[in-house]
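K.L.:
predicted structure and sequence below. I'll ask about it afterward.
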Amino acid sequence: HEFIAKHYRGFGDHVEKALEGMTSDDSKPTRYVEDFFDKVFERSIFTQITNWRRTDFNVWLSVAESGSTAYWTGESAPAPISKMALAFTELKYKKLIAIIVRTKEMFKQAAGSNLNESILFNDLIGTTALSIDTPALDPANGGDDERPASLTYGVVPISAGADMGAGIADTIARFDGDLGAAHWISHPTTLGKIAMARDAGGSYLFPDLSPRGGSLLGMPVVSTRACPIDSDGGSLILVDPTGIALAMEPGRLVDSSDTNISMVDENDSTGPVMVNMFQTESIALKSTTYANWSVQRAGSVAVLAGI
């Protein structure tokens, strides 16, 4: 890391220490690695919404398939007993890896300026955060051995129609989660459309809403580009985080200037090409994040689509 320390000058010490932290013992991440993952998680819906059912990986979770029942009982009569049906599941480790490659010239050009340091790490931070949230909100993602299923997978969406207020009312009616803990999630563009809805008198239906979030009917709104939007419109997702189990933890942040990276050009049909970092005077940064989630209580998610 001598090259980076030299050419980052005034802030080179910070970057050198950050890169040293990347190769630290997995069991003892340095403050710089912790700061990196803090920034990743800050951008994710799983941190912007706080009251998920937090758990550790590989820990058995009990799910109530049918609850217990209380009975009114007469004097001296035996108290009835109800049977609570439980199912058990666990969240196994699933990992997300992001790799970016930058030339050493970029570090040279960064001398005397904090801008490129921000570009370098923010690019990896943004990529990682978006890649955590996108599969969590993709209705087509049924999950597999590599990634968890979407929170919205299998949820039958409600058609928005022309009346935005009626569509939102239908979404709430379909929702079986706890409205006291619920949050809305949507794409900034979709939230902009909803915020522009007016009543017959010309007043905004949802004055506390904006593309950046806000609140909708008093419930917090999280704005994220990970929420799906296409030619048919966007979606508004209502989620009760207390009915969803979440396990998430930082992994490793490592760098290399002498490894081989398999690269693919979208415009090249010849397939992957191995590129050597030493030969091309480049540095590769790789982050590994562990995350898994699962809807534990039916009805915890409702979707309004076609907005």
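P.N.:
Right, received. Where do you want to start?
K.L.:
hey, let's count contacts and neighbours off CA atoms from now on
P.N.:
Will do.
K.L.:
tell me the centre residue of the protein?
P.N.:
Centroid check for the chain by Cα atoms, centre = their mean gives D133 as the closest residue, at 2.8 Å.
K.L.:
a helix runs through it, doesn't it?
P.N.:
Yes: according to DSSP: H, G, I helix; E, B strand; the rest coil, D133 belongs to a helix.
K.L.:
contact partners for it?
P.N.:
Going by Cα atoms under 8 Å, 6 or more residues apart in numbering, D133 touches S44, I45, F46, A226, C227.
K.L.:
one more pass at 7 Å, please.
P.N.:
S44, I45, A226 (Cα atoms under 7 Å, 6 or more residues apart in numbering).
K.L.:
which one of those residues is nearest S159?
P.N.:
A226 (20.2 Å; Cα to Cα).
K.L.:
I'd say that closest one and T128 touch.
P.N.:
No: the pair A226 and T128 does not pass the contact test of Cα atoms under 7 Å, sitting 11.6 Å apart.
K.L.:
distance of the spatially closest residue to P135 that is not a sequence neighbour from I132?
P.N.:
Distances taken as Cα to Cα, 6 or more residues apart in numbering place S150 nearest to P135, at 5.7 Å, with adjacent residues excluded. Separation of S150 from I132 (Cα to Cα, to the nearest Å) stands at 11 Å.
K.L.:
wait, what's in contact with V295?
P.N.:
Remark: with contacts taken as Cα under 7 Å, 6+ apart, V295 is in contact with L151, G243, I244, A245.
K.L.:
switch to 10 Å and redo it
P.N.:
Listed by Cα atoms under 10 Å, 6 or more residues apart in numbering, the contact set of V295 reads 53, 149-153, 239-246, 301.
K.L.:
please report how far it lies from V239.
P.N.:
Distance, V295 to V239, by Cα to Cα: 10 Å.
K.L.:
shared neighbours, the two?
P.N.:
Common contacts of V295 and V239 (Cα under 10 Å, 6+ apart): L151, T152, V301.
K.L.:
can you put those in a markdown table and add pLDDT?
P.N.:
Formatted as a markdown table, those follow (pLDDT from 0 to 100):
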| residue | pLDDT |
| --- | --- |
| L151 | 97 |
| T152 | 97 |
| V301 | 97 |
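K.L.:
most neighbours among those, please name it.
P.N.:
V301 (27 neighbours; other Cα atoms under 10 Å).
K.L.:
residues in contact with the nearest residue to G234 once chain neighbours are set aside?
P.N.:
Nearest non-adjacent residue to G234, counting by Cα to Cα, 6+ apart: I307, 5.0 Å away. I307 is in contact with 159-162, 164, 167, 189-191, 193-194, 229-230, 232-236, counting by Cα under 10 Å, 6+ apart.
K.L.:
check I307 and give its pLDDT.
P.N.:
pLDDT recorded at I307 is 93.
K.L.:
returning to what we had before: check the contacts of V295 and tell me the two furthest apart.
P.N.:
Pairwise distances across the contacts of V295 (Cα to Cα) peak at 18.7 Å, for the pair R53 and Y153.
K.L.:
helices of the stretch 51-200 of the chain, residue ranges please.
P.N.:
Using DSSP state H, counting those that start in this stretch, the helices of the stretch 51-200 of the chain run over 104-109, 115-137, 164-174, 188-195.
K.L.:
winner for burial among those helices?
P.N.:
Most buried of these, by mean neighbour count (mean count of other Cα atoms under 10 Å): helix 188-195, with a mean of 20.
K.L.:
tell me what angle that helix forms with helix 164-174.
P.N.:
Put simply, helix 188-195 runs at 110 degrees to helix 164-174, going by axes from the mean of the first three to the mean of the last three Cα atoms, to 10 degrees.
K.L.:
elements contacting helix 188-195?
P.N.:
helix 164-174, strand 209-210, strand 213-216, strand 219-223, strand 229-230, strand 233-239 (3 or more Cα pairs under 10 Å, 6 or more residues apart in numbering; DSSP states H and E).
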